[in-house]
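# Predicted structure and sequence below. I'll ask about it afterward.
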Amino acid sequence: MSAASDLTILTAAELAKAIATGEASATAAIEAYLAAIDARDGAIGAYNEVFADRARARATSVDAGEITGPLAGVPIAVKDNMCTTYGRTTCASTYLATFEAPYDCTAVANLEAAGAVVLGKTNMDEFAMGSSTENSSTRMTRNPWDTDRVPGGSSGGSAAAVAAHLCAAALGSDTGGSIRQPAALCGIVGLKPTYGRVSRYGLVAFGSSLDQIGPMTRDVADAALLTRIIAGHDDRDATSLSEDVPDYAADLASGAAGLRIGLPTEFYTDALGGEVRSVIDQAIETYRAAGAETVEVSLPHSRIDIDADGKLSSFAVAAYYIICTAECSSNLARFDGVHYGHRTEEKVEDIIELYSRSRAESLGEEVKRRIMLGNYALSSGYYDAYYNKALKVRRLIANDFAAAFKHCDVILCATTPTPAFRIGEKTDDPLEMYLADIYTNSLNLAGLPGMSLPGGLSSDGLPVGIQLIGPVLGEPTLFRAGRAFEAASGTSRLTSPVIEGQS
Amino acid sequence: MTRTTNISKVTPVVGLEIHVELATQTKMFCRCINQFGDEPNTHVCPVCMAMPGSLPVMNRQAVAFSIKVGLALGCTVPEYTKWDRKNYYYPDLPKNYQISQYDLPLAAHGVFEIPLESGETKAIRVLRAHLEEDAGKNIHDLPGCTGVDLNRAGVPLLEIVSEPDMNSVEEVLGYARSMQRLVRWLGVSEANMQMGHMRFEPNINLHIEAGGQTYKTPIVEVKNLNSFRALERAVAYEISRQTSEWKADPEGFTLAKLGKQNRGYDDNTEKTVFQREKEEAHDYRYFPDPDLPAVVVDEAWRESIAGDIGELPLARRQRYMDAYRLAFQEADALTMDAATGDLLDAAVAVGAEPKRCVNLLLGRAAAIAKERDCTIADLGIAAGQLAELATMLTDSNINATSAETVLVAVIEDGGSPAEIAEVQGLLQVSDTGRLEVWVDEAIAENPDAVAKAREGDKKVLGFLMGQVMKKSRGAANPGEANKLLKQKLGG
């Protein structure tokens, strides 16, 4: 094992410390990661673009003492839907294939202000719509645990990059599970913060009332470190919260003793089967053994059912897909071929044809499907039956959580119904794909923070995530509970086979 | 088949939507400068260009301005309002949705009193006033392409919708002009028509009484009128057009059969023109904008804005007629804007005679203001200067003609009226010795006139008086000079 690859084994916090104390140089760290990308990203396909020159220049500045901060010299990957003034911001869409943003996303700017080095932009489902990263117009991203399988999505590139040690940590965005689901499928930690905790300025919108940027890391301590840096009020995002950002590392070592862990009856039905169920049951035992108390709670409007044919269903998923499609139908209207992005080269008769051709040529099937669903849900005559009803369901779901958190500090459940599925397995059945987020959707509807962390491995060696849900601004409890589980279970910092194969 | 129909009464029924651009420093949802007339796309940013990932942040001043208008119109200003997206595609609307207010406007259910030529007023009900962002402008006169200028995109736009309470062209114009006066008065808009600060969309139909029945013609909405003249002509044209169309087909040309129609307006022919309807009606798919929190207008905010409103034009005009004994026309002219009346009131407050001040303001000053296309107050006359000059008139230290000359000097160069009059020799001369010199000269130089005057010709007396005033360069006290002239002529 070379000295350079040693550095890629470190977590973000460990690497920051090594650089700060002079044990390692930022340049060495960047070179180690660029080498890892050269060696492994051909097989994984995590990155859409790597900023090698810029990263080297920043590393030089870190080593010269010109850039300082808690993440000085730490290479971070950023999902390709966060605007940066360097490189392109494509959202993995043909429409934005050559788009260069004139401004920086606040969360990314905050990371760099803390000394981090943005290593590149990671692949994703087009406009963050999908659960496998197969809806990308740029490339296939593969799961580092089994390259025949998907990394999850939509932040699949970030998840794979973290799991394959192609960056020290990454940012993802989560509208219905897009951080937590790929984190679970790639065996890493992923946090969706409380809605409004992290500014959305510069995050290309999918579902504005649901979107949050969050960290994707190798362990809980890194998630706490990154969240501290990206969170906080932003004058440019009217929905960002003004509450002070606490020191999320403060409670990390407090352990599970005395924690009240809620187990929602509706998440532990027959729908939760097989490999995932046994990992969750094991996690419950681990917590109990570590001194936590478990309490049964109820989330009636998030209930997950399974029918005789094995099909899952949930109000939350139904409400989620009405709200997120409604919002995206309007958010994506600006991609019209007039002001920037793809414009058809065909001769057009009028402006309407310019719009339709430009959009038809450059937006993918899933994106078109959701735009149409959303327009339908908002159209006059259907608004009350769909959109308005979904808003009511959303309120009921949020009320359920609020009631549950009177009896517990944190809720424990599955992140996904199954471990990573095979590439192509669900692409023909969009509804089946939507159900990959059945355990994660309801949090976005309620605006709550949720974190997926590795719970263990399935019998065929695939990672299985467990999900911790907190009340509004309950991130400190999530980090504490998450770290307690890592310590008690020894499932932290799983190493994916793609790395083992290299070393 | 057309049959003869005896019309006993035609009542035009008109409602008016007025769009007012608010004079905030910056745009509605970004901090670009709100300024008209600069090079295209010089006041733009990622937000008003609809760059991906950009987000709107509300301009509180625009909301305060709108609340002010709402309260001045006697509207209810609810504690809770929100922003909605109105979705439609147009190149001058870069997001392809407009941030507007759908079901919870900032202000609703008011009444606006407008003056009629008869001297009476009429109450026009205001349905709602809501705030939204303006669109940019398409530029069509470029070779081979259409350009888009986004300087105006995102400028705050207040849409004030009346009930269909106007029944004549006069009332429509009165309402529109009063609204212009009000928004200027409140300091929320320049309401400059040339700059597109105000745009009108009237809804017009007729209630026709004939043969003991009432017929309603189709409601026509005329889009995007940019001047009072266009508004006047469009409404007048619609009244006559709808009358003839109904006469031609009394059973067919009705609201029940044809519903609502949109028409455009042609500035050249001064007629409204048929607009081809889209195959399907617009479905704007309104929904609450998830990027913007709801707006809470608490009691304290509302009260502080209400406290800022002060006396409104109609009330002030009545006060001027009652307290200052002004004619309607005078009172009206002095209440075109708030500052001119403020100037008058301030001069009166330091002891000037109201009528003297009014005569000064509505004389040469008003003419200069008209030339300069500004308000009288904009001329920069201070209340102290006005009061000083008015008091000189009251004390016969200057005559009316000279006072005008002094006022012009005050407007041009500033300074104290008394000093200007002194320097220019315009102080009124009542001293008999000095008056006698001018009178004697006038008599000596005009023997024919003097002869006629002595025969009792009053007209010639006026001519001689004019000669005296001319010799004194306006400084002679006319009363004293007149007395002396008559004496000398042996009257």
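Cool, got the structure.
# Could you list the low-pLDDT ranges of chain A?
Residues of chain A that meet the criterion pLDDT under 70 lie in A:1-5, A:501-503.
# again, only this time at 50
Judged against pLDDT under 50, the low-scoring parts of chain A cover residues A:1-3, A:503.
# For it, which segments are assigned as strands?
Secondary structure of chain A (DSSP state E): strands located at A:47-50, A:75-79, A:117-122, A:169-174, A:189-192, A:212-217, A:260-264, A:293-297, A:304-306, A:312-314, A:410-414, A:450-457, A:463-469.
# Could you dump these into a markdown table and include distance to chain B and mean neighbour count?
C-beta coordinates here come from the backbone N, C-alpha and C atoms, glycine included. Formatted as a markdown table, those follow (distance: least, Cβ to the nearest Cβ, whole Å; neighbours: other Cβ atoms under 10 Å in any protein chain shown):
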| stretch | distance to chain B | mean neighbour count |
| --- | --- | --- |
| strand A:47-50 | 15 | 22 |
| strand A:75-79 | 12 | 31 |
| strand A:117-122 | 13 | 28 |
| strand A:169-174 | 11 | 31 |
| strand A:189-192 | 17 | 32 |
| strand A:212-217 | 11 | 32 |
| strand A:260-264 | 27 | 20 |
| strand A:293-297 | 28 | 16 |
| strand A:304-306 | 26 | 18 |
| strand A:312-314 | 22 | 20 |
| strand A:410-414 | 25 | 26 |
| strand A:450-457 | 19 | 27 |
| strand A:463-469 | 22 | 28 |
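# Dump those strands to a markdown table, plus distance to B:Arg434.
A markdown table is the format used below for the strands of chain A (distance: least, Cβ to Cβ, whole Å):
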| stretch | distance to B:Arg434 |
| --- | --- |
| strand A:47-50 | 94 |
| strand A:75-79 | 92 |
| strand A:117-122 | 91 |
| strand A:169-174 | 91 |
| strand A:189-192 | 95 |
| strand A:212-217 | 89 |
| strand A:260-264 | 105 |
| strand A:293-297 | 105 |
| strand A:304-306 | 108 |
| strand A:312-314 | 104 |
| strand A:410-414 | 102 |
| strand A:450-457 | 98 |
| strand A:463-469 | 100 |
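# who in chain B is up against chain A?
Residues of chain B lying close to chain A (Cβ under 8 Å from any Cβ of the partner chain) are B:46, B:49-58, B:85, B:87, B:89, B:91, B:94-97, B:148, B:283, B:285-287, B:290-293.
# now do 7 Å
Proximity of chain B to chain A, by Cβ under 7 Å from any Cβ of the partner chain, involves residues B:46, B:49-53, B:55, B:57-58, B:85, B:87, B:89, B:91, B:94-97, B:283, B:285, B:287, B:290-293.
# Among those, name the buried ones.
B:46, B:49-53, B:55, B:57-58, B:85, B:87, B:91, B:94-97, B:285, B:287, B:290-292 (16 or more other Cβ atoms under 10 Å in any protein chain shown).
# Which of those fall within strands?
Within these, residues falling in strands by DSSP E are B:85, B:87, B:97, B:287.
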